[in-house]
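In: Got a predicted model here, sequence first, then my questions.
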Amino acid sequence: MISIQQVTKMYGPKFAVDQLSMEIAQGEHLALLGASGSGKTTLLRMINRLIEPTCGTITINGEDLTTQPAHLLRRDIGFVLQANSLFPHYTVEENISVVPNLLKWDQQKTQARVTELLDKVHLPAAYRNRYPHQLSGGEGQRVNLARALAANPPVLLMDEPFSALDNITRTAIRQLFKELEELKSKTIIMVTHDVQEAFEMGDSIALLQNGKLLQKGKPADLLYHPANEAVKEFLAGSYLSLALAATPAEEIWQWLADKNNKRS
Ligand SMILES: Nc1ncnc2c1ncn2[C@@H]1O[C@H](COP(=O)(O)OP(=O)(O)OP(=O)(O)O)[C@@H](O)[C@H]1O
């Protein structure tokens, strides 16, 4: 479990994150949602200590992050960035092998893991010898995911992982993320400014504004039980499509059936 307690990050006089507290359960898939500048990336990067909080504490399974060296912490936390974040002079295989090599896995084990991961992200095995510039945006993002998963970290952080992709590719990659068995048991925190994406990908959503947490809950909670006017306003523009995304199909059928019964 990840516990964020009263965490603040200041840049000069500005609060990027402002006394924010929340808990993220093991296996939770959380979408960090908010407008540009609301503090999403800053919060995400404090979880793997790429950014240090000004004050407050973050613990993983009860252990304060600051008690272990940052580079050791990051081995247990996969990080998926936007497209184009692969090492340009490394082949696909070398990119995916970065963490296994740091962990000094033997070569055979690493090669087998690369083969397995290429298959899981639906890339041909021969792609292992390609360089990032020889990949499309969607293929690059599949390799990014494979790299983050290589040493099977229990926690995965993702910063706008789909934002640089065109619509069709984005839909395909989101589908892959949703179907991939290896991701299901992991704790995932994904930054997005796209409301639809948060509702589609998150089994919970934390909505941020000006560095503060407005509400954290299941998508349907935010929609049907907004904690305040700001949450209501943020979601208002896409209410109908979100209602469809947040409501299981069987409930919609039931609702339609009830309506029909009332009419007759
Ligand atoms: N290194 C920095 N120095 C100064 N201010 C910063 C720095 N990094 C972030 N900020 C400020 O902190 C606030 C939060 O930034 P952050 O990048 O966390 O927001 P965000 O919600 O991820 O935005 P976006 O969706 O645009 O990436 C912003 O006002 C930003 O300008």
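Out: Nice, I can see it.
In: just the helices in this structure please.
Out: 40-47, 70-73, 92-96, 98-102, 107-120, 137-149, 167-179, 181-184, 195-201, 219-224, 229-236, 239-246, 249-263 (DSSP state H).
In: And for the residue nearest to Leu242 when sequence neighbours are not counted, the neighbour number?
Out: In space, and not counting its chain neighbours, Leu242 is closest to Phe199: 5.2 Å by Cβ to Cβ, 6 or more residues apart in numbering. Every residue, glycine included, has its C-beta placed from N, CA and C. For Phe199, the count of nearby residues is 24 (other Cβ atoms under 10 Å).
In: before we move on, back to that, mind checking which of the helices of the chain is nearest the ligand?
Out: helix 40-47 (3.2 Å; Cβ to the nearest ligand atom).
In: Which other helices and strands does the closest one contact?
Out: strand 2-11, strand 14-24, strand 29-34, strand 155-159, strand 187-192 (3 or more Cβ pairs under 8 Å, 6 or more residues apart in numbering; DSSP states H and E).
In: Need the residues that contact that helix.
Out: Contact with helix 40-47 is made by 2, 4, 7, 9, 16-17, 20, 32-34, 51-53, 58, 65, 77, 155, 157, 159, 189, 191-193, 208, 211, as judged by Cβ atoms under 8 Å, 6 or more residues apart in numbering.
In: Repeat the analysis, applying 6 Å as the threshold.
Out: Lys9, Ala16, Val17, Leu32, Gly34, Ile51, Pro53, Leu157, Asp159, Val191, Leu208 (Cβ atoms under 6 Å, 6 or more residues apart in numbering).
In: check contacts around the residue of the stretch 151-264 of the chain found nearest the ligand.
Out: Closest to the ligand within the stretch 151-264 of the chain is His193: 4.8 Å, counting by Cβ to the nearest ligand atom. Neighbouring residues of His193 by Cβ under 6 Å, 6+ apart: there are none.
In: The most centrally placed residue in the chain - nearest residue in space that isn't next to it in sequence?
Out: Per Cα atoms, centre = their mean, the C-alpha nearest to the average position across the chain is that of Met190, at 2.0 Å. Ranked by Cβ to Cβ, 6+ apart and with sequence neighbours excluded, the top spatial neighbour of Met190 is Met158, at 4.2 Å.
In: With Arg130 instead?
Out: Nearest residue to Arg130, sequence neighbours excluded (Cβ to Cβ, 6+ apart): Val92, at 5.3 Å.
In: what's the neighbour count on the closest residue to Thr247 other than its chain neighbours?
Out: Nearest residue to Thr247, sequence neighbours excluded (Cβ to Cβ, 6+ apart): Ala220, at 6.9 Å. Counted with other Cβ under 10 Å, residues neighbouring Ala220 total 17.
In: same question, the one 3 residues further on
Out: As a burial measure, Leu223 scores 21 neighbours (other Cβ under 10 Å).
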